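pasting the sequence and the predicted coordinates here, then a few questions.
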Amino acid sequence: MCELFAMSSRVPATLGFSLERLARHGGAEGPHRDGWGLAFYEDTDCLLLREPRPASESPLMQFMERQGLRTKLGLCHIRLATFGGLALRNTQPFARELGGRMHVFAHNGDMPSLADLRSRYPARFMPLGDSDSERAFCGLLTALAPVWDDEPGTVPDLAVRLAVIADYAREIRPLGPANFIYADSDALFVHADRRTQPDGQLRAPGIYFLQRYCWRTAPELHDAGVNLMSIRQDVALVASVPLTDELWEPLGEGDLIALRDGLCYGADGLQVEPEQAAGRQPLPL
């Protein structure tokens, strides 16, 4: 199965060390040799980099590890192909425009019967490739389009978007593992499901979550691959498997959260208080 990683932060940060650790799984220390992709947001647009080759062998990935852009919202995917050949069109994350913003999506899991849902959606969002993940993205955008079209030029309420995403996630979960990360430039949405575990069993957790905050640049965050330039910083990270020795919190099957500016919001759209957020810890100063 593929692996996911994403970050949301209060002020722009780099992801060098986290990317380096994830890239090892893309061929050097793991089987995910079939492609990789990065998305770095800047306001409503994003820089999307993808290659249908092992991340651990990519000079471009190595350059991004050393010279990566600062961003408040970034997503990464490394691929172990199950549906669709090794080609750029099947390499995640996928991106589309909706509501004058770039929307980015990456999925971990197998949903072989997803093609059966394709006829239920109009042709506004069509897949370029033949992966189940891209079809899942097209279906999600089709479900979200009415709320973005309702008031052009404005961002729909977070709770409204979460409700649509939750309904869609419930629809596709019976088709197979549906771990996905999705961003619309305003927020990062994380849906956790099941994942094949080291013992070969398919069960939760499918995604882990870590939330940190500090009042000045701290070596603990630097060791986690996040370099700061701010007095106050909030950082939220999600990954298919923990990338550091810190206390990553496993998300349960069917859990849905939103991350914005490094803060966590529950499925009701309300901010989760710092002491209640899964995996959130103060950094020792």
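Perfect, thanks for sending it.

so where's this protein shaky on pLDDT?
With pLDDT under 70 as the threshold, the chain has low-confidence stretches at 1, 16-33, 79-84, 115-122, 215-231, 273-285.

nearest residue to D186 other than its sequence neighbours?
Distances taken as Cβ to Cβ, 6 or more residues apart in numbering put V155 closest to D186, at 5.1 Å, once the chain neighbours are dropped. For the C-beta atoms, the positions are set from N, CA and C on the backbone; glycine is no exception.

which ones are touching the one you found?
Going by Cβ atoms under 8 Å, 6 or more residues apart in numbering, V155 touches 99, 184, 186.

so what does the closest residue to the first one other than its chain neighbours look like in phi/psi?
Read it as G99. Ranked by Cβ to Cβ, 6+ apart and with sequence neighbours excluded, the top spatial neighbour of G99 is W148, at 3.7 Å. The phi/psi pair for W148 (degrees, to the nearest 10) reads phi -80, psi -30.

leaving out chain neighbours, which residue sits closest to L270?
The shortest distance from L270 to any non-neighbouring residue, by Cβ to Cβ, 6+ apart, is to A159 (7.9 Å).

with L47 instead?
Of all residues beyond its chain neighbours, the one nearest L47 is F40 (4.6 Å), with distances taken as Cβ to Cβ, 6+ apart.

other residues contacting the helix or strand where that neighbour lies?
Take DSSP states H and E as the rule and F40 turns out to sit in strand 36-42. With Cβ under 8 Å, 6+ apart as the contact definition, strand 36-42 has outside contacts at 19, 23, 26, 46-51, 53-55, 58, 61, 64, 68-69, 71-79, 91-93, 95, 102, 104, 106, 183, 185.

can you rerun that using 6 Å?
Strand 36-42 is contacted by residues 26, 46-50, 55, 69, 71, 73-78, 91-93, 104, 185 when judged by Cβ atoms under 6 Å, 6 or more residues apart in numbering.

and that strand, which residues are buried?
Within strand 36-42, the residues that qualify as buried are 36-41, counting by 16 or more other Cβ atoms under 10 Å.

so F209: helix, strand or coil?
For F209, the reduced secondary structure class is strand; criterion used: DSSP: H, G, I helix; E, B strand; the rest coil.

scratch that, R173
Reduced to three states with three-state DSSP, the structure at R173 is helix.

number of nearby residues for it?
For R173, the tally of surrounding residues (other Cβ atoms under 10 Å) stands at 17.

what of M64?
Around M64 there are 24 other residues, counting by other Cβ under 10 Å.

buried sites along the helix or strand containing it?
In this structure, M64 is located in helix 59-67 according to DSSP H and E. Residues of helix 59-67 classed as buried under the neighbour-count rule (16+ other Cβ under 10 Å) are 61, 64-65.

ok and it relative to strand 36-42, angle-wise?
Relative orientation of helix 59-67 versus strand 36-42 (axes from the mean of the first three to the mean of the last three Cα atoms, to 10 degrees): 40 degrees.
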